[in-house]
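K.L.:
What follows is a predicted structure for the sequence shown.
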Amino acid sequence: MAVTQIGFSTKTVYPLDVSKLKDTSVVIKEGCEYQLKFTFQIEGEIVSGLRFQQNISRKGIPASKLNLMLGSFGPRDEPHEFITPTDEAPKGALARGKYHAKCKFIDDDKTIHLAWEWTFKIQSDW
């Protein structure tokens with residue numbers, strides 16, 4: 001499986017480079033709604049029971065977990081696309097700050113197809 005694009009969307013899609021995500025922070029306005037969009041290509045064999053898992057922490061303390069079943073995918077010429085359900089960024093003075101997320105795509109066979117880390121900041125303004 002090759003992930004060709006990961007995007008962060010509030011209303012506009014912002015393409016993100018997985019290899020550079022750990023070194024840069026994405027800024028999210030507090031209280032805004034957002035989604036993650038994945039565009040990926042399956043090569044070779046069918047990927048059965050593909051899941052997206054994300055663990056978010058702040059200052060080393062777990063803040064949130066997300067475990068989404070994407071489904072089973074076979075190889076094809078055009079890329080597959082998945083958009084997470086809309087989520088709302090936390091709001092308020094205590095929610096502002098830097099968060100760390102660990103993400104991975106894993107299948108039923110416990111094969112990790114892609115794992116990455118990224119950080120984001122919740123701020124009162126863009």
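P.N.:
Done, it's in.
K.L.:
Grab the nearest non-local neighbour of T24.
P.N.:
Leaving out its chain neighbours, the residue that sits closest to T24 by CB to CB, 6 or more residues apart in numbering is T119, at 7.7 Å. To be clear about C-beta, it is placed using only N, CA and C from the backbone, and glycine gets the same treatment.
K.L.:
So what pairs up with the residue nearest the centre of the chain in the strands?
P.N.:
The centroid of the chain falls nearest to L36 when counting by CA atoms, centre = their mean (5.4 Å). On the basis of DSSP bridges, L36 is bridged to F8.
K.L.:
So it versus L66, what's the distance?
P.N.:
L36 sits 9 Å away from L66, going by CB to CB, to the nearest Å.
K.L.:
shared neighbours of those two, which are they?
P.N.:
Any residue near both L36 and L66 by CB atoms under 8 Å, 6 or more residues apart in numbering counts here, and that gives T84.
K.L.:
Let me know the secondary structure of the residue nearest to L21 when sequence neighbours are not counted.
P.N.:
Of all residues not flanking L21 in the chain, W118 sits nearest, at 3.7 Å (CB to CB, 6+ apart). At W118 the chain is in strand, as set by DSSP: H, G, I helix; E, B strand; the rest coil.
K.L.:
Quick check: bridge partners of W118?
P.N.:
Beta-bridge pairing of W118 under DSSP bridges involves A101.
K.L.:
list the contacts for it?
P.N.:
By CB under 8 Å, 6+ apart, the residues touching W118 are 16, 21-22, 26, 100-101, 103.
K.L.:
now E88
P.N.:
Neighbour list for E88: 31-34 [criterion: CB under 8 Å, 6+ apart].
K.L.:
Could you check how far it is from V47?
P.N.:
Separation of E88 from V47 (CB to CB) stands at 30 Å.
K.L.:
Strands of this structure, residue ranges please.
P.N.:
2-9, 13-16, 25-29, 33-41, 47-58, 61-73, 80-83, 87-88, 97-106, 112-123 (DSSP state E).
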